[in-house]
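K.L.:
Everything below, folded, please.
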Amino acid sequence: MRRVISVFLVLAALAISQTSIASAGTVGRFVRADEGEVGGVRWSLRMAQQHGERCYDLFTIRGTWGSDGTVCGGRDPRGDWSPVLGDAGADGEPSIELNLTSPRVRTLNLLLGHPVSHKPATWTEFRTHVLNPKQARISHMPRDFRFAVVTEVESACIEAVEARDRWGHVVLDEEVPCEF
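P.N.:
Sure thing, here's the model as predicted:
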């Protein structure tokens, strides 16, 4: 009986170690993390972890943004907030941008500047989201970050960021250069 238990324990340990070794080089499938519409333009955000790198794919029905619409690389979001991929829009087209946050950030209050129309900057609130367990399993993405897709009906850029936790406490308050 002891021999059967010993063999079982050895086989179980071997199976667990093979699973962890194999998962380092696995390719997760892209899952739709969010989608919406801004200014009559439909957009979609997909995510997956491929060969140990996080990949984000942000696209519209008119085409993709970024070099090929997909950004891969990096292990963790930088700090409490980091913009990843997007387009500030031009000539009155909508702006869309993927922002990653730490798990503690539940709300991003962003001061959006309007460099094309020269309208005054406006504060806009965006709730952050997290992948659900099924999305995380299929995509192989860890659930150690939150995200928000920032949209504006016209050309816009972020001038300041205020990040708040679940209790409404400010965890980040900084001005950033308006990159357009």
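
K.L.:
Helices along the chain, start to end?
P.N.:
Along the chain, the stretches classed as helices by DSSP state H are 2-23, 133-139.

K.L.:
Compare those and say which comes out lowest on pLDDT.
P.N.:
Among the helices of the chain, helix 2-23 carries the lowest mean pLDDT, at a mean of 40.

K.L.:
And for the closest residue to residue 173 other than its chain neighbours, the neighbour number?
P.N.:
Nearest-residue entry for residue 173: residue 162, 5.1 Å, with adjacent residues in sequence omitted and distances by C-beta to C-beta, 6 or more residues apart in numbering. (Each C-beta comes from the backbone N, C-alpha and C, glycine too.) Using other C-beta atoms under 10 Å, residue 162 has 17 other residues around it.

K.L.:
where in this structure is pLDDT low?
P.N.:
For the chain, applying pLDDT under 70 flags the ranges 1-26, 62-69, 74-77, 91-92, 180.

K.L.:
how does it look with 80?
P.N.:
1-26, 61-70, 73-78, 87-93, 179-180 (pLDDT under 80).

K.L.:
Ramachandran coordinates for the closest residue to residue 116 other than its chain neighbours?
P.N.:
Excluding the flanking residues, the one nearest residue 116 by C-beta to C-beta, 6+ apart is residue 155, at 4.1 Å. Backbone geometry at residue 155, expressed as degrees, to the nearest 10, gives phi -60, psi 130.

K.L.:
My understanding was that residue 155 contacts residue 90; is that so?
P.N.:
Yes. In this structure residue 155 lies within contact range of residue 90 using C-beta atoms under 8 Å: 5.9 Å.
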